[in-house]
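In: fold the following, please.
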Amino acid sequence: MIFTSSMDGRKCLLVSENDAPDVIVVITDSNGMLPINLETETLVLSVFPSDAMDAPFLSRTTLVGREGANEWYCEHVGYRPDSEEHTDIEDLIDRVGAHMLLRAQDDIALNASA
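Out: Modelled structure (predicted):
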């Protein structure tokens, strides 16, 4: 689920995933501010522990709008969501964020069992 929030007094977008409760994605523009145009803007997606968003990020990915989100999704999931029909941009970014969270959650589980 994608929603608007504040972090350090600045607005940003957040993505959460029920199956990855230990992590959250914070989305900003390249200046650390709320992205205005998700279609074309540079987006910085940072994965943080959900209970310590002031901690160092666990991973960070930079995408450029819709094209970057489709490329990331294709590389990591195996297909471009826009290849069959035009996906709503918020849904597309939410899908990318959700897959990032699921991967981070798996990494946390692997490290905990090691």
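In: tell me how many other residues surround Thr28.
Out: Look at Thr28: counted by other Cβ atoms under 10 Å, it has 20 neighbours. For the C-beta atoms, the positions are set from N, CA and C on the backbone; glycine is no exception.
In: kindly apply the preceding question to Leu14 instead.
Out: That count, for Leu14 with other Cβ under 10 Å as the rule, works out to 19.
In: isn't it up against Ile27?
Out: Yes - taking contacts as Cβ atoms under 8 Å, Leu14 lies within contact range of Ile27: 7.2 Å.
In: okay, and the common contacts of those two?
Out: Common contacts of Leu14 and Ile27 (Cβ atoms under 8 Å, 6 or more residues apart in numbering): Ile2.
In: what's the worst-scoring helix or strand of the chain on mean pLDDT packed up against?
Out: Using mean pLDDT, DSSP states H and E, the weakest-scoring helix or strand in the chain turns out to be strand 2-7, at a mean of 76. Counting contacts by 3 or more Cβ pairs under 8 Å, 6 or more residues apart in numbering; DSSP states H and E, strand 2-7 packs against strand 10-15, helix 89-113.
In: can you pull up the most central residue in this structure?
Out: By Cα atoms, centre = their mean, the chain has its centre lying nearest to Gly97, at 3.0 Å.
In: from Gly9, how far out is that residue?
Out: Here the criterion is Cβ to Cβ, to the nearest Å. By it, Gly97 lies 22 Å from Gly9.
In: tell me the contacts of the residue nearest to Asp94 when sequence neighbours are not counted?
Out: Take Asp94 and drop its neighbours on the chain: the residue closest to it by Cβ to Cβ, 6 or more residues apart in numbering is Ile2, 4.3 Å away. Residues near Ile2 by Cβ under 8 Å, 6+ apart: 13-15, 27, 90, 93-94, 97.
In: quick one, which of these are buried?
Out: The neighbour count (16 or more other Cβ atoms under 10 Å) marks 13-15, 27, 93-94, 97 as buried among these.
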